[in-house]
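Peer 1: Structure, please.
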Amino acid sequence: MLLRHHRGERVWSVVHEPTPEDEDARRTHREFARLTKERTSHTNRIGALLVLHNMRSNVIIGGRDWASWWERHSEQVPPVLRAEIERESERLALVRQQMKALEAERRQELANGKQRLVAQLAQLRAVGPNGAWVLVKEVFGWRRFANRRELAGCLGLAPTPYSSGDSKIEQGISKGGNKRARTLLVELAWCWLRLQPGSALTQWFNRRFAGGGSRMRRVGIVAMARRLAIALWRYLQYGEIPAGALLKPATA
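Peer 2: This is a model prediction of the structure:
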C-alpha cells in the first residue's frame, strides 16, 4: 500500500501536520486564550470574596480605578481576607500585564507587514484582527485544501449521515476537527449576519432559517459557519471576495 501511495494512488487518508514553525506560531493566541480565562477566574474570585461581606465594587475589578477603590474600602474586610484579595489582585495584575504584552506584539507584527494573510482576512467587515489571527494560525496559514469537503472535514463541520438498509438518518456535523476554529467560525457567522446584511451568505440564511424560530436559527448558524469558512478560504486562496460582502474602509 505504501508503494501504491507513492505511485499516486489514493489508498488511505493522509494526516496533515504543521511544521515546527507553524506549530510554534500557534502559541501566541492559545496562550492569550488561556490568560483570558485566567483573568476571568481571578476577577470572579475577587468579586465573590467581596460579596461575602456584602461589598460590591462599582468599578472594574483589576481595572484602572480598582486600586483607588480598594484603598478606600479595604478596611471593611477582615485582615486575612484582605490579604487574600490583595494576593489575588497581584495575580490578576500580572495576567493583565502579560495580555497587554501579547496584544502589543501581535499589533507590531501586523503593522510591520509580517502577517499578510491575517491582514488580508481582517479587511472583511465582521472579521476582526483577533479572529483573523486564530483562523490563519490554526487552519488557513499552513493547510492546503483541494476542495470544500476537505476544509469542512478539517473544521469538524462535515455532515455525518447514517445509512443502514431503508434507514437513513442525518446525525449532524462530525465535530471531529479543529475545535478552536469551529467555535470561532460560529461566532463570526453571527457577526456576519449583523455586519454584512447585503451579502449573499446573509440573504441565504434569512431565506432558509430567519423565520423558523430560535431552534432553526441555531441549526442554521452551523450551516452558515460552514459556508462562511468556504468563502473565507476562497478569499485567501484565490482572492475571491464573498458575493455582496463589504471591505473595511482603508485607514490613512
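
Peer 1: ok, the spatially most central residue of the chain - contacts?
Peer 2: The chain has L184 as the residue nearest its centroid, 3.2 Å off, counting by C-alpha atoms, centre = their mean. By C-beta atoms under 8 Å, 6 or more residues apart in numbering, the contact list for L184 reads G131, V134, L135. (Glycine included, C-beta is placed from N, CA and C.)

Peer 1: tell me the SS of T28?
Peer 2: helix (DSSP: H, G, I helix; E, B strand; the rest coil).

Peer 1: For the nearest residue to it once chain neighbours are set aside, which residues are in contact?
Peer 2: Closest residue to T28 in three dimensions, ignoring its sequence neighbours and counting by C-beta to C-beta, 6 or more residues apart in numbering: L102, at 6.0 Å. By C-beta under 8 Å, 6+ apart, the residues touching L102 are T28, E31, F32, L35.

Peer 1: Assign the residue nearest to the centre of the chain to helix, strand or coil.
Peer 2: helix.

Peer 1: One more: N58?
Peer 2: Looking at N58 with three-state DSSP, the answer is coil.

Peer 1: Could you report the neighbour count for it?
Peer 2: Residues near N58, counting by other C-beta atoms under 10 Å, number 6.

Peer 1: Could you point out which of the contacts of L102 is nearest to L92?
Peer 2: Checking the contacts of L102 against L92 by C-beta to C-beta gives L35 as the nearest, at 10.8 Å.

Peer 1: And the closest one, how close does it get to A25?
Peer 2: Counting by C-beta to C-beta, to the nearest Å, the gap from L35 to A25 is 17 Å.

Peer 1: same thing with Q120?
Peer 2: Distance, Q120 to A25, by C-beta to C-beta: 16 Å.

Peer 1: So for these two, which residue has more residues nearby?
Peer 2: Shown here are Q120 and A25; by other C-beta under 10 Å, A25 has more neighbours (18 against 15).

Peer 1: This completes my enquiry, with thanks.
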